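Colleague: The amino acid sequence is not available; the structure is as follows:
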């Protein structure tokens with residue numbers, strides 16, 4: 001059994017690191033969902049892990065495609081570009097390159113306990129979703145984005161019941177999780193240079209949207225295991241999380257003197273449901289192969305609209321959104337395959353290759369990603385395991401421009417190109433079991 005324990009640990013490490021480094025190409029995914037700790041064969045196990053990811057996405061040939069001015073007298077207009085309403089002003093003289101990505105950390109911590117011979121339960125904290133772009137105000141696409149940041153917190157409990165079926169054991173899996181999602185976006189709503197003071201001259205012209213929400217989800221799945229062959233097949237469904245009451249504020253005090261204070265806004269959005277199939281099996285003494293296929297319903301995230309109800313505020317309307325987060329995603333698919341090997345009683349290693357289908361549809365930078373992951377595990381005793389992994393990802397090139405997706409317009413404020421870029425990730429973790 002010792003061989004199986006070491007091999008399973010390094011497989012989870014290599015696959016997890018590869019997934020982390022493809023986060024830029026997978027909607028808002030960061031750490032995603034991970035219940036591998038539930039399968040640990042110790043009576044009690046605890047694990048702590050952190051991953052650092054550094055995506056490199058450079059934007060070039062940036063063009064301001066809507067140089068029209070913000071009109072404070074027509075705040076509720078929904079006319080498609082080139083409307084004289086939300087263009088942000090003429091930015092064609094600003095730099096045509098920008099940094100389209102930011103580094104980030106992904107933590108995870110969990111504990112698992114066996115309750116009798118057949119029941120196992122785990123609790124964990126993770127940060128499944130996130131995004132951070134910070135190209136700044138000094139680029140020709142500042143009317144599309146100055147800085148956007150999304151963060152999440154997920155608290156989960158998952159249990160399983162296993163029983164004998166044929167030569168192995170069938171495991172039934174179920175659980176629930178509570179999720180918090182929060183963040184902000186800043187963009188240039190009005191280039192105030194040259195405007196009179198009554199229309200915002202002297203202000204920065206930057207608008208800021210702050211948001212927060214929470215909701216509940218559940219998971220269910222099955223797994224089949226034959227320990228002597230290190231065989232495990234699992235299929236797990238994670239439900240969507242309904243964020244029915246997103247609340248926040250929209251601050252346009254730097255855009256026009258007519259709106260000196262932030263206004264309260266509200267909206268709703270479902271975070272995606274996720275289905276993942278995983279397989280691992282021994283293929284020779286001290287050798288295992290593994291793979292996975294994951295689908296995420298990112299197409300739920302299109303235009304996330306926000307409304308306000310302030311009486312007398314010319315910006316508010318019961319039917320027209322005051323602003324929106326424009327995503328325009330399609331469903332995500334992630335496929336991973338790899339092999340792991342135990343070199344000695346203390347050392348194991350693994351290598352993996354991952355393909356992630358980009359979720360962008362001609363708007364945004366999330367194109368296909370290919371990732372090579374390498375990992376090593378050191379087990380000084382059967383009860384302690386240290387892991388270190390690295391991943392190198394190729395982010396394929398493309399462009400972002402005006403698109404119509406399901407009858408909605410995206411990319412009307414700016415367009416740009418980007419070449420193939422690289423990302424790298426480093427992950428470290430420690431596990432103890434009794």
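Modeller: Sure thing, it's come through. Treat the numbers as computed from the prediction; the structure is a model and nothing was measured. Numbering: from 1, shown residues only.
Colleague: Might one say that residue 34 is in contact with residue 108?
Modeller: Yes. Under the criterion of C-beta atoms under 8 Å, residue 34 makes contact with residue 108 at 6.7 Å. No exception for glycine: its C-beta is placed from N, CA and C like everyone else's.
Colleague: And the helices in this structure, which stretches?
Modeller: For the chain, applying DSSP state H gives helices covering 2-21.
Colleague: got any ranges where it has weak pLDDT?
Modeller: Residue ranges of the chain with pLDDT under 70: 1-25, 70-86, 198-200.
Colleague: Recalculate using a threshold of 80.
Modeller: Under the criterion pLDDT under 80, the flagged ranges of the chain are 1-26, 69-87, 193-201, 258-259, 309-315, 317-318.
Colleague: rewinding a little: joint contacts of residue 34 and residue 108?
Modeller: Counting by C-beta atoms under 8 Å, 6 or more residues apart in numbering, the common neighbours of residue 34 and residue 108 are 124, 126.
Colleague: Neighbour count for these two, which is higher?
Modeller: Applying other C-beta atoms under 10 Å to residue 34 and residue 108 shows that residue 108 carries more neighbours, namely 23 against 20.
Colleague: if I read this right, the more buried one contacts residue 37, doesn't it?
Modeller: No. The pair residue 108 and residue 37 fails to qualify as a contact (C-beta under 8 Å) at a distance of 9.3 Å.
Colleague: which residues are in contact with both of these two?
Modeller: Common contacts of residue 108 and residue 37 (C-beta under 8 Å, 6+ apart): 47, 124.
Colleague: wait, what's in contact with residue 297?
Modeller: Residues counted as contacts of residue 297 (C-beta under 8 Å, 6+ apart) are 240, 272, 273, 274, 331.
Colleague: Buried ones among these?
Modeller: Buried members of those, counted by 16 or more other C-beta atoms under 10 Å: 240, 272, 273, 274.
Colleague: from these, which is closest to residue 62?
Modeller: Distance ranking of these against residue 62, using C-beta to C-beta, places residue 272 first at 29.6 Å.
Colleague: Pull up the gap between the closest residue to the closest one other than its chain neighbours and residue 308, please.
Modeller: Distances taken as C-beta to C-beta, 6 or more residues apart in numbering put residue 297 closest to residue 272, at 4.1 Å, once the chain neighbours are dropped. Distance of residue 297 to residue 308, computed by C-beta to C-beta, to the nearest Å: 29 Å.
Colleague: Repeat that for residue 120.
Modeller: 48 Å.
Colleague: same question, residue 98
Modeller: Here residue 98 is placed at a distance of 30 Å from residue 308 (C-beta to C-beta).
Colleague: Between those two, which is the more surrounded one?
Modeller: Remark: of residue 98 and residue 308, residue 98 carries more neighbours, 24 against 18, as counted by other C-beta under 10 Å.
Colleague: doesn't residue 136 make contact with the more buried one?
Modeller: Yes. Contact criterion C-beta under 8 Å: residue 98 and residue 136 qualify, at 7.2 Å.
Colleague: Can you report how many residues lie near residue 365?
Modeller: Burial of residue 365 is recorded as 23 neighbouring residues (other C-beta under 10 Å).
Colleague: what's near enough to touch it?
Modeller: 24, 57, 59, 100, 101, 395, 398, 400, 418.
Colleague: does the third one have beta-bridge partners, and which?
Modeller: In other words, residue 59. On the basis of DSSP bridges, residue 59 is bridged to residue 98.
Colleague: wait, what's in contact with it?
Modeller: Here residue 59 is in contact with 97, 98, 99, 100, 135, 139, 141, 365, 416, 417, 418 (C-beta under 8 Å, 6+ apart).
Colleague: Repeat the analysis, applying 10 Å as the threshold.
Modeller: By C-beta atoms under 10 Å, 6 or more residues apart in numbering, the contact set of residue 59 is 96-101, 133, 135, 139-141, 365, 399-400, 414, 416-419.
Colleague: so how far is residue 358 from it?
Modeller: Distance of residue 59 to residue 358, given as C-beta to C-beta: 16 Å.
Colleague: same thing with the fifth one?
Modeller: Residue 101 is 14 Å from residue 358, where distance means C-beta to C-beta.
Colleague: Who are the contact partners of the closest residue to residue 114 other than its chain neighbours?
Modeller: Counting by C-beta to C-beta, 6+ apart, residue 114 lies nearest to residue 43, which is 4.6 Å off, once chain neighbours are set aside. If you count contacts by C-beta under 10 Å, 6+ apart, residue 43 has them with 112, 113, 114, 115, 117, 120, 433, 434.
Colleague: wait, which of these is closest to residue 322?
Modeller: Checking the contacts of residue 43 against residue 322 by C-beta to C-beta gives residue 112 as the nearest, at 45.7 Å.
Colleague: So what's the residue count around that closest one?
Modeller: Using other C-beta under 10 Å: residue 112 sits among 26 other residues.
Colleague: now do residue 169
Modeller: Counted with other C-beta under 10 Å, residue 169 comes out at 16.
Colleague: The spatially closest residue to it that is not a sequence neighbour: neighbour count?
Modeller: Distances taken as C-beta to C-beta, 6+ apart put residue 162 closest to residue 169, at 4.6 Å, once the chain neighbours are dropped. Number of residues near residue 162 (other C-beta under 10 Å) recorded here: 19.
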